[in-house]
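**Student:** Provide a 3D model corresponding to the input given below.
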Amino acid sequence: AAIAIVATATPLPTPTPIPRYPPPPPIPGVPPGPTQAELPKLTVPVCDAAEYLGPYIPPDPDVRQVIIEDDDIAVKAVGGTKVHRIWKLRNIGTCTWGPGYELAFYGGRSMGSGGVAFEGFTGFQPERRNIIEDTEHLIVPEGKPNQVALLEVVLNVPVTPGIHQSYWRMRNPQGVYFGPIIGVTMEVVRDCEFGIYGAPQVNRFEILGVGDVFRPANPVDVKARLGEAVTLDWSIINADNYDILVKEPTGDVTNLATRNFTDRRGFIPDQLGQHTITLIADNGSCSAQAQVKVDVLPPEGGEFNLNVVLSSNAPVTASDASVSFSANVVPGTLDARWMHFDPEVNGIIFHADLYRRTITKSCPPLVDPNGSFNWLCWNKSEWKFVRQQAVGQIGQTATGSSVVCNSSSELCAAIQQGDPRAASTMTIADHQRLIFCEPSAGNTQYGVVYYLEARKEGAPASPPMSNKVFVECRGQGQSLPSEIP
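**Tutor:** Now for the predicted structure:
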(Lines give C-alpha, C1' and ligand atoms only; values in the text may rest on other atoms or scores of the structure.)
Protein backbone atom coordinates (compact mmCIF):
# COMPACT_ATOMS: atom_id res chain seq x y z
CA ALA A 1 0.00 0.00 0.00
CA ALA A 2 1.20 3.44 -0.75
CA ILE A 3 2.27 5.58 2.03
CA ALA A 4 0.84 9.10 1.86
CA ILE A 5 2.88 11.88 3.40
CA VAL A 6 0.80 14.79 4.50
CA ALA A 7 2.50 18.08 5.46
CA THR A 8 1.03 19.74 8.41
CA ALA A 9 1.92 23.25 9.74
CA THR A 10 3.53 23.18 13.11
CA PRO A 11 2.92 26.41 14.99
CA LEU A 12 6.05 28.27 16.14
CA PRO A 13 6.40 28.92 19.80
CA THR A 14 5.35 32.39 20.90
CA PRO A 15 8.30 34.31 22.42
CA THR A 16 7.88 35.12 26.00
CA PRO A 17 7.89 38.93 26.37
CA ILE A 18 10.59 40.41 28.52
CA PRO A 19 8.92 42.30 31.29
CA ARG A 20 9.92 45.99 31.61
CA TYR A 21 9.80 47.22 35.13
CA PRO A 22 10.16 50.72 36.27
CA PRO A 23 13.25 51.43 38.31
CA PRO A 24 12.71 50.71 41.94
CA PRO A 25 12.04 53.66 44.16
CA PRO A 26 15.13 55.04 45.80
CA ILE A 27 15.87 53.91 49.28
CA PRO A 28 15.92 56.80 51.66
CA GLY A 29 19.40 58.24 51.76
CA VAL A 30 20.52 56.41 48.60
CA PRO A 31 20.74 58.45 45.31
CA PRO A 32 18.87 57.04 42.30
CA GLY A 33 20.82 55.11 39.72
CA PRO A 34 22.04 56.62 36.43
CA THR A 35 19.61 57.14 33.58
CA GLN A 36 20.48 57.17 29.88
CA ALA A 37 20.04 60.46 27.95
CA GLU A 38 17.96 60.44 24.80
CA LEU A 39 20.06 59.63 21.79
CA PRO A 40 20.27 62.40 19.10
CA LYS A 41 18.55 61.82 15.82
CA LEU A 42 21.06 60.86 13.19
CA THR A 43 20.86 62.51 9.76
CA VAL A 44 22.68 61.82 6.55
CA PRO A 45 25.59 64.29 6.06
CA VAL A 46 24.82 67.11 3.57
CA CYS A 47 27.47 68.45 1.19
CA ASP A 48 26.19 72.04 0.92
CA ALA A 49 24.64 73.56 4.00
CA ALA A 50 24.90 76.91 5.75
CA GLU A 51 23.80 78.30 9.09
CA TYR A 52 22.93 82.00 9.49
CA LEU A 53 24.54 83.49 12.59
CA GLY A 54 23.07 86.97 12.27
CA PRO A 55 24.39 90.35 11.06
CA TYR A 56 28.04 91.11 11.70
CA ILE A 57 28.85 94.01 14.02
CA PRO A 58 32.33 95.46 13.35
CA PRO A 59 34.45 95.94 16.46
CA ASP A 60 35.35 99.53 15.47
CA PRO A 61 32.29 101.52 14.34
CA ASP A 62 34.52 104.52 13.53
CA VAL A 63 35.99 102.70 10.54
CA ARG A 64 32.69 102.51 8.65
CA GLN A 65 28.99 102.26 9.41
CA VAL A 66 27.35 98.89 8.79
CA ILE A 67 23.66 98.02 9.06
CA ILE A 68 23.55 95.78 12.15
CA GLU A 69 19.81 95.30 12.69
CA ASP A 70 18.08 91.97 11.97
CA ASP A 71 16.93 91.23 8.45
CA ASP A 72 13.26 91.97 9.10
CA ILE A 73 13.77 95.27 10.92
CA ALA A 74 13.27 98.27 8.62
CA VAL A 75 16.16 100.67 9.19
CA LYS A 76 16.10 104.24 7.93
CA ALA A 77 18.44 104.89 5.00
CA VAL A 78 18.95 108.01 2.89
CA GLY A 79 17.74 107.53 -0.67
CA GLY A 80 20.41 107.56 -3.37
CA THR A 81 23.31 106.68 -1.05
CA LYS A 82 25.43 103.56 -0.56
CA VAL A 83 25.22 101.42 2.59
CA HIS A 84 27.13 98.37 3.87
CA ARG A 85 25.64 95.07 5.04
CA ILE A 86 27.58 92.09 6.44
CA TRP A 87 26.16 88.64 7.19
CA LYS A 88 27.75 85.81 9.19
CA LEU A 89 27.35 82.32 7.69
CA ARG A 90 28.77 79.09 9.06
CA ASN A 91 29.59 76.24 6.68
CA ILE A 92 27.78 73.33 8.33
CA GLY A 93 28.08 71.05 5.30
CA THR A 94 30.82 68.63 4.34
CA CYS A 95 31.95 70.44 1.20
CA THR A 96 34.41 73.31 1.10
CA TRP A 97 33.09 76.54 -0.40
CA GLY A 98 35.55 77.09 -3.20
CA PRO A 99 35.45 78.29 -6.82
CA GLY A 100 31.91 78.50 -8.15
CA TYR A 101 30.24 79.11 -4.81
CA GLU A 102 28.53 82.46 -4.50
CA LEU A 103 26.15 84.50 -2.46
CA ALA A 104 23.48 85.28 -5.07
CA PHE A 105 20.60 87.72 -5.19
CA TYR A 106 17.41 85.79 -4.36
CA GLY A 107 14.54 88.27 -4.36
CA GLY A 108 13.27 91.75 -3.66
CA ARG A 109 15.57 94.47 -5.02
CA SER A 110 19.22 93.77 -5.75
CA MET A 111 19.99 97.45 -5.06
CA GLY A 112 22.90 97.37 -7.46
CA SER A 113 25.50 96.04 -5.05
CA GLY A 114 28.78 96.96 -6.61
CA GLY A 115 31.61 96.42 -4.18
CA VAL A 116 32.79 94.55 -1.11
CA ALA A 117 34.87 96.09 1.61
CA PHE A 118 35.57 93.23 4.00
CA GLU A 119 35.42 89.50 4.43
CA GLY A 120 37.07 86.82 6.45
CA PHE A 121 36.82 83.53 8.30
CA THR A 122 37.28 82.94 11.98
CA GLY A 123 40.77 81.54 12.29
CA PHE A 124 41.43 82.12 8.63
CA GLN A 125 42.04 85.48 6.94
CA PRO A 126 42.59 85.16 3.18
CA GLU A 127 44.60 87.78 1.34
CA ARG A 128 42.03 88.29 -1.40
CA ARG A 129 38.71 90.00 -0.91
CA ASN A 130 35.23 88.99 -1.95
CA ILE A 131 34.59 89.62 -5.61
CA ILE A 132 31.45 91.09 -7.13
CA GLU A 133 30.84 89.20 -10.36
CA ASP A 134 27.91 91.44 -11.29
CA THR A 135 25.18 93.27 -9.44
CA GLU A 136 23.51 90.02 -8.41
CA HIS A 137 26.41 87.66 -7.63
CA LEU A 138 29.00 87.80 -4.88
CA ILE A 139 31.79 85.24 -5.16
CA VAL A 140 32.70 84.06 -1.67
CA PRO A 141 36.19 83.15 -0.50
CA GLU A 142 37.16 79.57 0.30
CA GLY A 143 35.44 78.31 3.44
CA LYS A 144 36.01 74.90 4.97
CA PRO A 145 33.38 73.03 6.98
CA ASN A 146 32.58 74.63 10.34
CA GLN A 147 34.24 77.91 9.39
CA VAL A 148 32.37 81.22 9.67
CA ALA A 149 32.33 83.53 6.66
CA LEU A 150 31.74 87.27 6.83
CA LEU A 151 30.08 88.33 3.59
CA GLU A 152 29.59 91.98 2.78
CA VAL A 153 27.76 93.77 0.01
CA VAL A 154 27.59 97.49 -0.73
CA LEU A 155 24.00 98.33 -1.63
CA ASN A 156 22.69 101.32 -3.57
CA VAL A 157 19.73 102.60 -1.60
CA PRO A 158 16.71 103.24 -3.88
CA VAL A 159 15.72 106.88 -4.31
CA THR A 160 11.99 106.17 -3.88
CA PRO A 161 10.84 106.60 -0.27
CA GLY A 162 9.21 103.60 1.38
CA ILE A 163 10.04 100.06 2.49
CA HIS A 164 12.51 98.14 0.31
CA GLN A 165 13.95 94.65 0.86
CA SER A 166 16.79 92.69 -0.69
CA TYR A 167 17.19 88.90 -0.26
CA TRP A 168 20.31 86.80 -0.82
CA ARG A 169 21.15 83.10 -0.60
CA MET A 170 24.14 80.80 -1.07
CA ARG A 171 24.43 78.94 -4.39
CA ASN A 172 26.78 76.10 -5.37
CA PRO A 173 28.61 75.66 -8.69
CA GLN A 174 25.68 73.65 -10.09
CA GLY A 175 23.35 76.60 -9.56
CA VAL A 176 21.50 74.98 -6.65
CA TYR A 177 20.53 77.33 -3.83
CA PHE A 178 21.17 76.14 -0.29
CA GLY A 179 21.15 77.50 3.21
CA PRO A 180 18.89 80.13 4.75
CA ILE A 181 17.59 83.21 2.97
CA ILE A 182 19.30 86.31 4.32
CA GLY A 183 18.59 89.92 3.54
CA VAL A 184 18.12 93.50 4.65
CA THR A 185 15.08 95.75 5.05
CA MET A 186 15.24 99.51 4.62
CA GLU A 187 12.87 102.40 5.06
CA VAL A 188 14.11 104.88 2.47
CA VAL A 189 13.84 108.54 3.49
CA ARG A 190 14.89 111.79 1.88
CA ASP A 191 16.26 113.36 5.07
CA CYS A 192 20.05 113.59 5.07
CA GLU A 193 20.67 113.67 8.80
CA PHE A 194 23.39 112.45 11.08
CA GLY A 195 22.70 108.94 12.38
CA ILE A 196 20.62 107.77 9.41
CA TYR A 197 22.24 105.00 7.39
CA GLY A 198 23.90 106.39 4.28
CA ALA A 199 24.47 109.87 5.70
CA PRO A 200 28.20 110.80 5.55
CA GLN A 201 29.83 111.14 8.93
CA VAL A 202 32.86 113.29 9.73
CA ASN A 203 34.35 111.64 12.80
CA ARG A 204 37.24 114.06 13.02
CA PHE A 205 38.39 117.21 11.23
CA GLU A 206 40.83 119.36 13.15
CA ILE A 207 44.16 121.12 13.11
CA LEU A 208 46.73 118.74 14.53
CA GLY A 209 49.70 121.09 14.58
CA VAL A 210 50.84 124.66 13.87
CA GLY A 211 54.57 125.17 13.46
CA ASP A 212 56.19 123.58 16.52
CA VAL A 213 52.90 123.37 18.45
CA PHE A 214 51.32 119.89 18.53
CA ARG A 215 47.60 119.66 19.27
CA PRO A 216 46.72 123.34 19.84
CA ALA A 217 44.23 124.18 22.61
CA ASN A 218 41.51 125.04 20.09
CA PRO A 219 41.97 122.63 17.17
CA VAL A 220 39.33 124.29 14.95
CA ASP A 221 40.41 127.95 15.17
CA VAL A 222 44.12 128.71 15.38
CA LYS A 223 46.61 131.44 14.66
CA ALA A 224 49.72 130.75 12.58
CA ARG A 225 52.67 132.86 11.56
CA LEU A 226 53.35 133.36 7.89
CA GLY A 227 55.58 130.50 6.74
CA GLU A 228 54.55 128.08 9.52
CA ALA A 229 53.26 124.66 8.50
CA VAL A 230 49.66 123.79 9.40
CA THR A 231 48.76 120.07 9.69
CA LEU A 232 45.19 118.87 9.16
CA ASP A 233 43.85 115.59 10.55
CA TRP A 234 40.58 113.99 9.43
CA SER A 235 38.51 110.81 9.48
CA ILE A 236 35.36 110.25 7.39
CA ILE A 237 32.98 107.29 7.02
CA ASN A 238 29.95 106.61 4.81
CA ALA A 239 31.33 108.77 1.99
CA ASP A 240 32.19 107.90 -1.57
CA ASN A 241 33.91 111.23 -2.22
CA TYR A 242 35.20 114.21 -0.27
CA ASP A 243 36.97 117.54 -0.73
CA ILE A 244 39.02 119.74 1.61
CA LEU A 245 38.74 123.28 0.27
CA VAL A 246 41.07 126.03 1.50
CA LYS A 247 39.65 129.49 0.84
CA GLU A 248 42.40 132.10 1.03
CA PRO A 249 41.86 135.78 1.94
CA THR A 250 42.04 136.64 -1.77
CA GLY A 251 39.14 134.27 -2.50
CA ASP A 252 41.30 131.68 -4.26
CA VAL A 253 40.41 128.07 -3.43
CA THR A 254 42.66 125.00 -3.37
CA ASN A 255 41.79 121.35 -2.67
CA LEU A 256 43.88 119.37 -0.15
CA ALA A 257 41.95 116.07 -0.29
CA THR A 258 43.90 112.82 -0.64
CA ARG A 259 42.79 109.32 -1.64
CA ASN A 260 42.37 108.23 1.96
CA PHE A 261 39.27 108.94 3.99
CA THR A 262 41.38 108.92 7.16
CA ASP A 263 44.55 110.90 6.69
CA ARG A 264 46.77 113.83 7.63
CA ARG A 265 48.18 116.54 5.43
CA GLY A 266 50.16 119.72 5.95
CA PHE A 267 50.26 122.97 4.03
CA ILE A 268 52.04 126.32 4.40
CA PRO A 269 49.82 129.41 4.03
CA ASP A 270 51.51 132.07 1.89
CA GLN A 271 49.03 134.89 2.47
CA LEU A 272 48.16 136.96 5.50
CA GLY A 273 44.62 136.86 6.83
CA GLN A 274 42.00 134.28 7.64
CA HIS A 275 41.98 130.96 5.78
CA THR A 276 38.70 129.05 5.94
CA ILE A 277 39.13 125.29 5.41
CA THR A 278 35.97 123.30 4.70
CA LEU A 279 35.67 119.50 4.48
CA ILE A 280 32.72 118.34 2.34
CA ALA A 281 31.94 114.60 2.40
CA ASP A 282 29.44 113.18 -0.10
CA ASN A 283 27.50 109.93 -0.30
CA GLY A 284 25.33 110.20 -3.37
CA SER A 285 23.20 113.31 -2.94
CA CYS A 286 23.78 113.44 0.83
CA SER A 287 26.57 115.67 2.17
CA ALA A 288 28.15 116.52 5.50
CA GLN A 289 30.50 119.40 6.27
CA ALA A 290 33.03 120.43 8.88
CA GLN A 291 35.13 123.58 9.04
CA VAL A 292 38.28 124.92 10.68
CA LYS A 293 39.90 128.36 10.49
CA VAL A 294 43.50 129.51 10.40
CA ASP A 295 44.30 133.19 11.02
CA VAL A 296 47.68 133.76 9.38
CA LEU A 297 49.75 136.50 11.05
CA PRO A 298 52.99 138.08 9.88
CA PRO A 299 56.27 136.76 11.28
CA GLU A 300 57.03 137.76 14.85
CA GLY A 301 57.46 141.53 14.93
CA GLY A 302 56.11 141.95 11.40
CA GLU A 303 52.42 142.54 12.15
CA PHE A 304 52.82 146.18 11.14
CA ASN A 305 55.62 146.84 8.63
CA LEU A 306 57.01 150.15 7.42
CA ASN A 307 59.45 150.55 4.54
CA VAL A 308 60.93 153.93 3.60
CA VAL A 309 62.20 154.79 0.11
CA LEU A 310 64.35 157.93 -0.27
CA SER A 311 65.66 159.67 -3.37
CA SER A 312 68.97 158.47 -4.77
CA ASN A 313 70.77 161.67 -3.70
CA ALA A 314 69.23 161.91 -0.23
CA PRO A 315 71.92 163.23 2.19
CA VAL A 316 71.51 160.41 4.67
CA THR A 317 73.23 157.15 5.52
CA ALA A 318 71.23 154.03 6.33
CA SER A 319 72.05 150.42 7.10
CA ASP A 320 68.46 149.55 8.06
CA ALA A 321 67.04 146.84 5.78
CA SER A 322 63.75 148.76 5.74
CA VAL A 323 65.39 151.72 3.94
CA SER A 324 66.04 151.85 0.21
CA PHE A 325 66.91 154.50 -2.37
CA SER A 326 65.36 155.15 -5.77
CA ALA A 327 65.71 157.69 -8.58
CA ASN A 328 61.92 157.65 -8.88
CA VAL A 329 61.51 159.41 -5.53
CA VAL A 330 61.45 163.22 -5.74
CA PRO A 331 64.31 164.83 -3.78
CA GLY A 332 63.06 166.31 -0.53
CA THR A 333 60.46 163.61 -0.06
CA LEU A 334 60.25 160.06 1.15
CA ASP A 335 57.92 157.28 0.10
CA ALA A 336 56.38 155.57 3.15
CA ARG A 337 55.03 152.08 2.38
CA TRP A 338 53.19 150.07 5.01
CA MET A 339 51.23 146.89 5.62
CA HIS A 340 49.12 146.14 8.69
CA PHE A 341 47.82 142.58 9.02
CA ASP A 342 44.43 143.81 10.34
CA PRO A 343 42.33 144.68 7.26
CA GLU A 344 40.00 146.81 9.39
CA VAL A 345 42.66 149.44 10.10
CA ASN A 346 41.43 152.77 8.68
CA GLY A 347 43.91 155.32 9.95
CA ILE A 348 47.71 155.59 9.45
CA ILE A 349 49.64 158.40 11.19
CA PHE A 350 53.26 159.23 10.31
CA HIS A 351 55.85 160.11 12.96
CA ALA A 352 59.48 161.27 12.68
CA ASP A 353 61.57 161.60 15.88
CA LEU A 354 64.81 163.57 15.74
CA TYR A 355 67.83 162.42 17.79
CA ARG A 356 71.29 163.86 18.40
CA ARG A 357 74.63 162.66 19.70
CA THR A 358 78.21 163.90 19.99
CA ILE A 359 81.15 162.32 18.21
CA THR A 360 84.65 162.93 19.58
CA LYS A 361 87.68 162.09 17.46
CA SER A 362 90.19 159.90 19.28
CA CYS A 363 92.76 159.23 16.55
CA PRO A 364 94.03 160.93 13.40
CA PRO A 365 91.85 160.79 10.30
CA LEU A 366 92.78 158.78 7.24
CA VAL A 367 92.25 160.60 3.94
CA ASP A 368 90.93 158.42 1.13
CA PRO A 369 91.57 158.95 -2.63
CA ASN A 370 88.24 160.74 -3.09
CA GLY A 371 89.17 163.50 -0.68
CA SER A 372 86.67 162.55 2.03
CA PHE A 373 87.71 160.91 5.24
CA ASN A 374 86.58 158.24 7.64
CA TRP A 375 87.26 158.28 11.33
CA LEU A 376 88.80 154.98 12.23
CA CYS A 377 88.14 155.44 15.90
CA TRP A 378 85.92 157.77 17.91
CA ASN A 379 84.05 158.22 21.14
CA LYS A 380 80.29 158.31 20.76
CA SER A 381 77.79 159.62 23.26
CA GLU A 382 74.32 158.11 23.59
CA TRP A 383 71.58 159.21 21.24
CA LYS A 384 69.34 161.80 22.89
CA PHE A 385 65.81 162.63 21.88
CA VAL A 386 65.41 166.12 20.45
CA ARG A 387 61.82 166.44 19.23
CA GLN A 388 58.88 164.57 17.72
CA GLN A 389 57.58 165.60 14.35
CA ALA A 390 54.11 164.27 13.59
CA VAL A 391 52.94 164.76 10.03
CA GLY A 392 49.44 163.51 10.75
CA GLN A 393 47.31 160.94 8.93
CA ILE A 394 48.77 159.78 5.62
CA GLY A 395 46.51 156.81 4.86
CA GLN A 396 43.14 155.21 5.51
CA THR A 397 43.83 151.58 4.58
CA ALA A 398 45.72 148.75 6.22
CA THR A 399 48.07 148.50 3.24
CA GLY A 400 49.27 151.47 1.21
CA SER A 401 51.91 154.08 0.50
CA SER A 402 52.21 157.86 0.70
CA VAL A 403 54.71 160.56 -0.35
CA VAL A 404 55.73 162.50 2.76
CA CYS A 405 57.73 165.68 3.39
CA ASN A 406 58.13 168.10 6.30
CA SER A 407 55.24 170.54 5.94
CA SER A 408 57.04 173.09 8.15
CA SER A 409 59.27 173.83 5.15
CA GLU A 410 57.82 176.09 2.44
CA LEU A 411 59.41 173.85 -0.18
CA CYS A 412 57.21 170.91 0.87
CA ALA A 413 54.05 172.50 -0.56
CA ALA A 414 55.88 173.47 -3.75
CA ILE A 415 57.19 169.93 -4.21
CA GLN A 416 53.74 168.42 -3.60
CA GLN A 417 52.29 170.82 -6.18
CA GLY A 418 54.95 169.75 -8.72
CA ASP A 419 56.69 173.16 -8.90
CA PRO A 420 59.88 172.55 -10.96
CA ARG A 421 61.64 175.49 -9.24
CA ALA A 422 61.59 173.67 -5.92
CA ALA A 423 64.31 171.22 -6.96
CA SER A 424 66.53 173.90 -8.52
CA THR A 425 66.56 176.08 -5.39
CA MET A 426 66.86 173.19 -2.90
CA THR A 427 70.09 173.04 -0.87
CA ILE A 428 71.46 169.99 0.94
CA ALA A 429 70.26 171.47 4.22
CA ASP A 430 66.78 172.02 2.72
CA HIS A 431 66.73 168.42 1.51
CA GLN A 432 67.61 167.16 4.99
CA ARG A 433 65.00 169.26 6.75
CA LEU A 434 62.34 168.19 4.23
CA ILE A 435 62.95 164.57 5.29
CA PHE A 436 62.92 165.57 8.99
CA CYS A 437 66.71 165.65 9.42
CA GLU A 438 69.05 168.35 10.64
CA PRO A 439 72.44 168.84 8.98
CA SER A 440 75.14 167.10 10.97
CA ALA A 441 78.20 169.32 11.44
CA GLY A 442 81.43 169.14 13.41
CA ASN A 443 81.13 166.68 16.22
CA THR A 444 77.33 166.80 16.30
CA GLN A 445 75.41 164.11 14.48
CA TYR A 446 71.65 163.88 13.92
CA GLY A 447 69.47 160.91 13.16
CA VAL A 448 65.79 160.35 12.47
CA VAL A 449 63.50 157.49 13.45
CA TYR A 450 60.48 157.04 11.18
CA TYR A 451 57.49 155.00 12.36
CA LEU A 452 53.73 154.75 11.89
CA GLU A 453 50.75 154.60 14.21
CA ALA A 454 47.69 152.53 13.23
CA ARG A 455 44.13 153.29 14.29
CA LYS A 456 40.83 151.47 13.85
CA GLU A 457 37.68 153.58 14.19
CA GLY A 458 39.68 156.19 16.08
CA ALA A 459 41.08 153.74 18.64
CA PRO A 460 44.60 152.25 18.62
CA ALA A 461 44.80 149.12 16.47
CA SER A 462 46.65 145.98 17.50
CA PRO A 463 49.56 146.32 17.22
CA PRO A 464 49.40 150.13 17.36
CA MET A 465 52.98 150.92 16.24
CA SER A 466 55.04 149.80 13.26
CA ASN A 467 58.70 148.90 13.22
CA LYS A 468 61.10 151.83 13.61
CA VAL A 469 63.22 152.86 10.62
CA PHE A 470 66.42 154.80 11.37
CA VAL A 471 68.54 157.00 9.10
CA GLU A 472 71.59 159.06 9.99
CA CYS A 473 71.63 162.65 8.77
CA ARG A 474 74.90 162.98 6.99
CA GLY A 475 77.07 166.11 7.18
CA GLN A 476 79.58 167.32 4.61
CA GLY A 477 82.22 164.60 4.18
CA GLN A 478 80.84 162.43 6.99
CA SER A 479 80.21 158.72 6.70
CA LEU A 480 79.58 157.29 10.13
CA PRO A 481 78.10 153.91 11.09
CA SER A 482 74.35 153.95 11.70
CA GLU A 483 72.53 152.45 14.66
CA ILE A 484 68.99 152.93 15.78
CA PRO A 485 68.66 154.90 19.03
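
**Student:** rest of the way, CA atoms for contacts and neighbours
**Tutor:** OK.

**Student:** Do I have it right that residue 286 meets residue 77?
**Tutor:** No. Counting by Cα atoms under 8 Å, residue 77 is not a contact partner of residue 286; they are 10.9 Å apart.

**Student:** Between those two, point out the one with more neighbours.
**Tutor:** For residue 286 against residue 77, the residue with the higher neighbour count under other Cα atoms under 10 Å is residue 77, and the figures read 29 against 19.

**Student:** Contacts only, for that one.
**Tutor:** By Cα atoms under 8 Å, 6 or more residues apart in numbering, the residues touching residue 77 are 83, 157, 186, 187, 188, 189, 196, 197, 198, 199.

**Student:** Burial check on the last one, number of neighbours?
**Tutor:** Same thing as residue 199. With other Cα under 10 Å as criterion, residue 199 counts 29.

**Student:** what's the answer for the fourth one, then?
**Tutor:** Counted by other Cα under 10 Å, the residues lying close to residue 187 total 20.

**Student:** For it, grab phi and psi.
**Tutor:** Comment: the main-chain dihedrals of residue 187 come out as phi -100, psi 100, following degrees, to the nearest 10.

**Student:** so what's it bridging to?
**Tutor:** Counting by DSSP bridges, residue 187 is bridged to residue 76, residue 163.

**Student:** Could I get the contacting residues of it?
**Tutor:** The neighbourhood of residue 187, defined by Cα under 8 Å, 6+ apart, consists of 74, 75, 76, 77, 161, 162, 163, 164.

**Student:** For the nearest residue in space to the fifth one that is not next to it in sequence, give me its contacts.
**Tutor:** Translated: residue 161. The shortest distance from residue 161 to any non-neighbouring residue, by Cα to Cα, 6 or more residues apart in numbering, is to residue 188 (4.6 Å). Taking Cα under 8 Å, 6+ apart as the contact definition, residue 188 lies against 76, 77, 78, 79, 157, 158, 159, 160, 161, 162, 163, 164.

**Student:** just those now: which is nearest residue 271?
**Tutor:** The shortest approach to residue 271 among the contacts of residue 188 belongs to residue 78, at 40.3 Å (Cα to Cα).

**Student:** didn't the closest one look like it was pressed against residue 192?
**Tutor:** Yes. Judged on Cα under 8 Å, residue 78 makes contact with residue 192 at a distance of 6.1 Å.

**Student:** Which one's more surrounded, those two?
**Tutor:** Regarding residue 78 and residue 192, a neighbour count based on other Cα under 10 Å identifies residue 78 as having more, with 28 against 20.

**Student:** for the more buried one, what are its contacts?
**Tutor:** Taking Cα under 8 Å, 6+ apart as the criterion, residue 78 is in contact with 157, 159, 188, 189, 190, 191, 192, 196, 197, 198, 199, 286.

**Student:** Pull the most distant pair out of those residues.
**Tutor:** Farthest pair in the contacts of residue 78 (Cα to Cα) is 159 and 196. Separation: 14.6 Å.

**Student:** ok, the residue nearest to residue 230 when sequence neighbours are not counted - contacts?
**Tutor:** For residue 230, ignoring the flanking residues on the chain, the nearest one in space by Cα to Cα, 6+ apart is residue 210 at 4.7 Å. With contact set as Cα under 8 Å, 6+ apart, residue 210 has these partners: 216, 222, 224, 228, 229, 230, 231.

**Student:** which of these count as buried?
**Tutor:** For those, burial is judged from neighbour counts taken by 16 or more other Cα atoms under 10 Å, and it is met by 222, 224, 228, 229, 230, 231.

**Student:** So this protein: which segments form each domain?
**Tutor:** For the chain, whose domains are defined here by automatic domain parsing, the residue ranges read 50-189, 201-297, 304-473.

**Student:** Among those, show the one with the smallest mean pLDDT.
**Tutor:** In terms of mean pLDDT, the lowest-scoring of the domains of the chain is domain 50-189 (a mean of 80).
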